[in-house]
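> output the structure for:
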Amino acid sequence: MTGRESQLTVRTRGVLAAGLSLALAACGSGPPAPAALPALSRLETATAQTTGDARGRAWDGVVEAVQQATLAAQTTGRVTAVNVDVNDRVAAGDVLLRLTAVEQQAGADTARAQLRAAEAAAMEAETNYRRFAALASGQYVSRAQVDLARATRDSAAAARDAARAQLAQAGQQAEYTVVRAPFAGIVSAREVEPGESVVPGQALLSLHAPGALRVEVQVPQSDAAGIRAANRARIVLDDGRSLDAAQVIVFPAADPSTHSVGVRAVLPDVADAPQPGITAKVVFPIAGNAGLVRIPAGAVMQRGEVSGVYVLASGNRIALRQVRLGQRIGDEMEVVAGLKAGEKVALDPVAAGQALAAQRKTAAGTGHG
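Residues are numbered from 1 along each chain as shown. Below is the predicted model of the structure:
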């Protein structure tokens, strides 16, 4: 092999080695990996739920007692005794709680003494008037003196009547120190303990009558006429029981702020009655909207006349989607089109918009790399 051929062979091997190295590098690197998308785990979400089924339309409510009361203090004092506790049954007129009555009793004693003084003054004024009236017949006193005696008598009588009213008021304040049950029921809350000082208006106890229960819901004004015409409903409790409402009452006026109408469904008298405060679903036999879904109203974003929601999809993605809205029911909004049941929407549109902007920025940076 000549020197020139040797140089060509070495040069050829160098070119082949460089080409092989580039090929291996190309095979090892592959396509550029996409950058990590912004984390969306911190966004609060809600799942779109269906509003009804073929058997009618349903709204959620809370079971409440028809007869319930919160007993508040009507005078100032210190709690000396609480005779009942939560879940105790009481009869009408039972003493539930007592307050100190020192100030109230002193006020009643003062008013009683003032009444005795006013009665004595009124009696004396009446006697003087009669004396002057008798002397006036013989013209021993002037007409002006008789008129003055009459005015004094009338003033004393008015002061006596005012003292009687003050005594009645003071006696009522003393009676306020003894709190009695206004009706037979069950104690549902106890707000104070012995030794606490209370002021007028402060809650002391709460009780309810367990017999009559009802569920109140807010329905769209467009459905009020159909519910009123049907005049029946089915109450589904949280334990799965389904009860036919004993009475359905549709309010005669709508709420001007939400444009919804209140409806009360009275529960029948059953042996195992539900407890007040639990949730229940009221189903009315009107045309159901199985295709509609319901989402929290706060999740909807308005841009002019266009409504949209931020939908979270698989693969840690978020997208802004236009929707067509229906009626607002309380804190929820019906979605006529643009969203399916089971999809997740962001509850905070502002935070979701920031996450979407960060997502697009990351995707754009990856594309330029």
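
> what is the least confident helix or strand in this structure?
When the helices and strands of the chain are scored by mean pLDDT, DSSP states H and E, helix 3-29 comes last with a mean of 39.

> the next helix or strand after that one: which residues count as buried?
Downstream of helix 3-29, the first helix or strand assigned by DSSP states H and E is strand 45-47. Neighbour counts using 16 or more other CB atoms under 10 Å place 45-46 of strand 45-47 among the buried residues. C-beta coordinates here come from the backbone N, C-alpha and C atoms, glycine included.

> then stretch 307-321?
Result for stretch 307-321 [16+ other CB under 10 Å]: buried residues 307-312, 318.

> same deal with stretch 356-369?
Neighbour-count burial for stretch 356-369 [16+ other CB under 10 Å]: 356, 359.

> ok, now stretch 260-269?
Neighbour-count burial for stretch 260-269 [16+ other CB under 10 Å]: 260-267.

> for the residues you listed, which one is nearest R234?
Of all these, R234 sits closest to A265, with 8.6 Å by CB to CB.

> am I right that that closest one is in a strand?
Yes. The assignment for A265, made by DSSP: H, G, I helix; E, B strand; the rest coil, places it in a strand.

> so it makes contact with I227?
No. A265 is beyond contact range of I227, at 9.8 Å (criterion: CB atoms under 8 Å).

> which residues do the two both contact?
Common contacts of A265 and I227, defined by CB atoms under 8 Å, 6 or more residues apart in numbering, comprise 233, 248.

> so which of the buried residues of stretch 260-269 comes closest to V63?
Nearest member of these to V63, counting by CB to CB, is L267, at 7.2 Å.

> apart from its neighbours in sequence, what residue is nearest that closest one?
L213 (4.3 Å; CB to CB, 6 or more residues apart in numbering).

> ok, what's across the strand from that neighbour?
A65 (DSSP bridges).

> these two touch, right, it and P276?
Yes. In this structure, L213 is within contact of P276 by CB under 8 Å, at 6.7 Å.

> overlap of the contact sets of those two?
Listed as contacting both L213 and P276 by CB under 8 Å, 6+ apart are 63-65.

> of L213 and P276, which one has the most company?
Remark: of L213 and P276, L213 carries more neighbours, 25 against 17, as counted by other CB atoms under 10 Å.

> report the contact partners of the more buried one.
Counted by CB under 8 Å, 6+ apart, L213 has contacts 63-66, 266-267, 273-274, 276.

> ok, A157 next?
122, 125-126.

> could you check how far the nearest residue to A101 once chain neighbours are set aside is from Q104?
Distances taken as CB to CB, 6+ apart place T177 nearest to A101, at 4.1 Å, with adjacent residues excluded. In this view, T177 and Q104 are 6 Å apart by CB to CB, to the nearest Å.

> what is in contact with the two at once?
Joint contacts of T177 and Q104 (CB under 8 Å, 6+ apart) are 75, 77.

> okay, now the domains of the chain?
45-51+292-368, 56-66+211-284, 77-99+177-208, 102-175 (automatic domain parsing).

> weakest of those domains by average pLDDT?
Lowest mean pLDDT of the domains of the chain: domain 45-51+292-368, a mean of 82.

> where does V187 sit: helix, strand or coil?
strand.

> tell me the bridge partners for it.
With DSSP bridges as the rule, V187 is bridged to L207.

> surely it is in contact with V82?
No. Using CB under 8 Å, V187 is not in contact with V82; the gap is 10.0 Å.

> so for the two, which residues contact both of them?
L96.

> got the contact list for E44?
346-348.

> quick one: which of those is nearest Q354?
Taking these together and measuring to Q354 by CB to CB, the closest member is D348, at 9.4 Å.

> so what's that closest one up against?
Contacts of D348 (CB under 8 Å, 6+ apart): 43-44, 298.

> same deal with A117?
A163.

> the one 4 residues further on now?
Contacts were defined as CB under 8 Å, 6+ apart; by that measure A121 touches 156, 159-160.

> got a markdown table for the residues you listed, with distance to P252 too?
Shown next, in a markdown table, are the contacts of A121 (distance: CB to CB, whole Å):
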| residue | distance to P252 |
| --- | --- |
| A156 | 55 |
| A159 | 51 |
| R160 | 50 |
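
> turn these into JSON lines, columns for secondary structure and neighbour count.
Formatted as JSON lines, the contacts of A121 follow (DSSP: H, G, I helix; E, B strand; the rest coil; neighbours: other CB atoms under 10 Å):
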{"residue": "A156", "secondary structure": "helix", "neighbour count": "20"}
{"residue": "A159", "secondary structure": "helix", "neighbour count": "18"}
{"residue": "R160", "secondary structure": "helix", "neighbour count": "20"}
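
> surely T75 touches Y176?
Yes. Counting by CB under 8 Å, Y176 is a contact partner of T75 at 4.1 Å.
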